[in-house]
Each structure stands twice: as structure tokens, then as C-alpha cells.
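[1] sequence plus predicted model, see below.
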Amino acid sequence: GMEDLEDLDISYEMEMLLDQEYRNTETYMTMKMKMAEMSIDADIKMVYSDFNHVPDFEMPSAAKDAKEMTIPAP
């Protein structure tokens, strides 16, 4: 519930790398979260590509017919 969020503390630093046209190419983020007795530190690297130039592809039938995954809440 929303009452659990009152004890949530999040901080992060982000560095964004841009190309010559000022498009984001890479992002580095350090994130720290703490809630009650639990704490999480994460280092994240995101790489961006020009998805408009990806050639067309055929999705394999195994992927099309795969069962939907559900992830239970902790």
C-alpha cells in the first residue's frame, strides 16, 4: 500500500553521453534505495541504438507462441 512508501529513500546520480546531434547514446546511473531494513545499491549502464535503422526480421514461432510469464510479488 501507499503507507509503505513513506519509509522509502531513493537517491541516484546519472551521467548521459550525447552524440554530435545531442542524442543520448549511453547513460550511467548509480542508484541507492532504502526502505525499512532493506537497502539496494545498483549500478546501471544503458546503451541506446538507432532503432529506426534495424533491418526487418521474422519473429520465431517459438517466441510468438510462448506462454506469458508472471512474476509473483515478493
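    Nice, I can see it.
[2] show me where this protein has its strands.
    Assigned by DSSP state E, the chain shows strands spanning 8-18, 24-35, 38-47.
[3] tell me the strands beside the longest one, with direction?
    Pointing back at strand 24-35 there. Paired strands of strand 24-35, with direction, are strand 8-18 (antiparallel), strand 38-47 (antiparallel) (DSSP bridges).
[4] ok, now which ones touch the residue of the chain most remote from its centre?
    No residue in the chain sits farther from the centre than residue 61, which is 26.8 Å out by Cα atoms, centre = their mean. For residue 61, no contacting residues are found, by Cβ atoms under 8 Å, 6 or more residues apart in numbering. Heads up, the C-betas are built off the backbone N, CA and C, glycines and all.
[5] how close does it sit to residue 18?
    40 Å (Cβ to Cβ, to the nearest Å).
[6] reformat the strands paired with strand 24-35 as TSV; add distance to residue 27, mean pLDDT and mean neighbour count.
    Converted to TSV, the strands paired with strand 24-35 look like this (distance: least, Cβ to Cβ, whole Å; pLDDT from 0 to 100; neighbours: other Cβ atoms under 10 Å):
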stretch	distance to residue 27	mean pLDDT	mean neighbour count
strand 8-18	5	92	10
strand 38-47	4	93	10
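[7] could the ones you listed be laid out in a markdown table, adding distance to residue 65?
    Converted to a markdown table, the strands paired with strand 24-35 look like this (distance: least, Cβ to Cβ, whole Å):
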| stretch | distance to residue 65 |
| --- | --- |
| strand 8-18 | 39 |
| strand 38-47 | 30 |
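[8] in PDB, could you pull the C-alpha coordinates for stretch 19-31?
    Only the C-alpha atoms of stretch 19-31 are listed here, as PDB (Å, rounded to 0.1, in the frame of the first residue of the first chain):
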ATOM      1  CA  ASP A  19      26.400  12.200 -29.800                       C
ATOM      2  CA  GLN A  20      27.100  15.200 -32.100                       C
ATOM      3  CA  GLU A  21      23.400  15.600 -32.700                       C
ATOM      4  CA  TYR A  22      22.700  15.700 -29.000                       C
ATOM      5  CA  ARG A  23      21.000  12.300 -29.000                       C
ATOM      6  CA  ASN A  24      21.600  10.100 -25.900                       C
ATOM      7  CA  THR A  25      24.000   7.200 -26.700                       C
ATOM      8  CA  GLU A  26      24.800   5.900 -23.200                       C
ATOM      9  CA  THR A  27      23.600   6.500 -19.700                       C
ATOM     10  CA  TYR A  28      25.300   5.500 -16.500                       C
ATOM     11  CA  MET A  29      23.300   5.600 -13.300                       C
ATOM     12  CA  THR A  30      24.200   4.800  -9.600                       C
ATOM     13  CA  MET A  31      21.100   4.300  -7.500                       C
END
